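> A structural model of the following input is requested.
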Amino acid sequence: MVAILAGGGAGGEVYAAPQNSVIGALNKAEQAQQQAEARKAAAARAAKLRALEEARAKAARQQAERAAAIARQEAARRSEEARREALAQETARRARREAEEANRRRIDERRQLCLRELELQNDRLSEARSNVAAQDFTRLTKVSGSTKNQSDIPEGELRLALSYLKMNQYDSAIDLITGSTALNTDLAKLILSKAYFGKALNIKYYSISLKDEKKSIPYLSKAKDALGKNPTGQLFSYRHYIDGYIAASGQQHTAAKKSFLASYKAGNDDAAYYISQSYPDLPLDGLPMTEISWLTKAEELGNTRARYKLDTSKNRLFLA
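The predicted structure follows:
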């Protein structure tokens, strides 16, 4: 505390300066200092907060940038995988197309080869059928026993009918013969009879029961009727042959054997072969005959076709 002494005054009184003003000044100075320190501290805190916010913002930006970079990398990876997958699929599709195209070319080549081979076979078959038809026409004309109106026989129609027989087109042969002017000749009768007989055989071979098999009998009867009432020559032997089939269809085995044997003795080309297959023990002139002896006997009688048919086929070929 500062004391101010002033002389004067009665009695030598000492004058004391007012202390309140000094204290106030001191307080103001202290308050100012405190306020300055507070402002300084507040500024420091604000600076720290700003620095912290900036650090947080920077960290957030960096994190966002890292996330964006990761997203870009992932997108690029997925895009590359998609591109590779698309490329692999396209490569696979191209390989399949090429394989399919190569397979189609191979199939087309094989088809063309087969078609060419089939054409060659058809040409050879047509030529063979024509030759056989011509041979059969000559042979049947000679053995049919018919000499009447031979010059009037339409050879083309009969040759075509024989070709139909060879191709098992029996209905075509029947239609052609029944509309032919040669219908009353022995050769036409024999062709017509064999056509009906062929239809009957088709029914017999594809039947699954005896009842179904008996449906062939009407065609056998037509085959028999086509030969006429009093057939001679080969028509006579063929009629016995059909009688044998009709009897066999009716389970009349004794009558069937007799008819087949009569047909064989009359010179039927197919009877010996049928007998050797179906009735190998059927006696001829009182002697039991084996299959081989039947065919040997057939050769002795000049029936070489029966022997040839057994040697070259394991099936029942009743129509040569």
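> Kindly list the longest helix within the protein.
Longest helix of the chain, by residue count under DSSP state H: helix 19-143.
> So which elements touch that one?
With contacts taken as 3 or more CB pairs under 8 Å, 6 or more residues apart in numbering; DSSP states H and E, helix 19-143 sits against helix 155-166, helix 186-205. All C-beta atoms are positioned from the backbone trio N, CA, C, and that covers glycine.
> S207: neighbouring residues, count only.
14 (other CB atoms under 10 Å).
> and it, that one's in a strand?
No: counting by DSSP: H, G, I helix; E, B strand; the rest coil, S207 is not found in a strand; it is coil.
> Report the inter-axis angle for the longest helix of the chain versus helix 155-166.
Between helix 19-143 and helix 155-166, the angle comes out at 130 degrees (axes from the mean of the first three to the mean of the last three CA atoms, to 10 degrees).
> Select, out of the helices and strands packed on helix 19-143, the one closest to H240.
helix 186-205 (12.2 Å; CB to CB).
> Show me what counts as buried in that closest one.
Using 16 or more other CB atoms under 10 Å as the test for burial, helix 186-205 gives 186-201, 203-204.
> circling back: may I see the helices and strands packed on helix 19-143 arranged in TSV, with distance to K40 and mean pLDDT as well?
Formatted as TSV, these follow (distance: least, CB to CB, whole Å; pLDDT from 0 to 100):
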stretch	distance to K40	mean pLDDT
helix 155-166	129	80
helix 186-205	125	87
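> would you turn the ones you listed into CSV with distance to A60?
Below are the helices and strands packed on helix 19-143 laid out as CSV (distance: least, CB to CB, whole Å):
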stretch, distance to A60
helix 155-166, 99
helix 186-205, 95
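> Please report phi then psi for G267.
Backbone geometry at G267, expressed as degrees, to the nearest 10, gives phi 100, psi 20.
> Would you confirm that it contacts F236?
No: with contact defined as CB atoms under 8 Å, G267 does not reach F236; the gap is 9.1 Å.
> Break down the stretch 151-300 of the chain into its helices, ranges please.
155-166, 170-178, 186-205, 210-213, 217-226, 234-249, 253-265, 271-278, 291-300 (DSSP state H, counting those that start in this stretch).
> how about JSON lines for these, with distance to A69 added?
Shown next, in JSON lines, are the helices of the stretch 151-300 of the chain (distance: least, CB to CB, whole Å):
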{"stretch": "helix 155-166", "distance to A69": "88"}
{"stretch": "helix 170-178", "distance to A69": "87"}
{"stretch": "helix 186-205", "distance to A69": "85"}
{"stretch": "helix 210-213", "distance to A69": "87"}
{"stretch": "helix 217-226", "distance to A69": "94"}
{"stretch": "helix 234-249", "distance to A69": "97"}
{"stretch": "helix 253-265", "distance to A69": "102"}
{"stretch": "helix 271-278", "distance to A69": "94"}
{"stretch": "helix 291-300", "distance to A69": "98"}
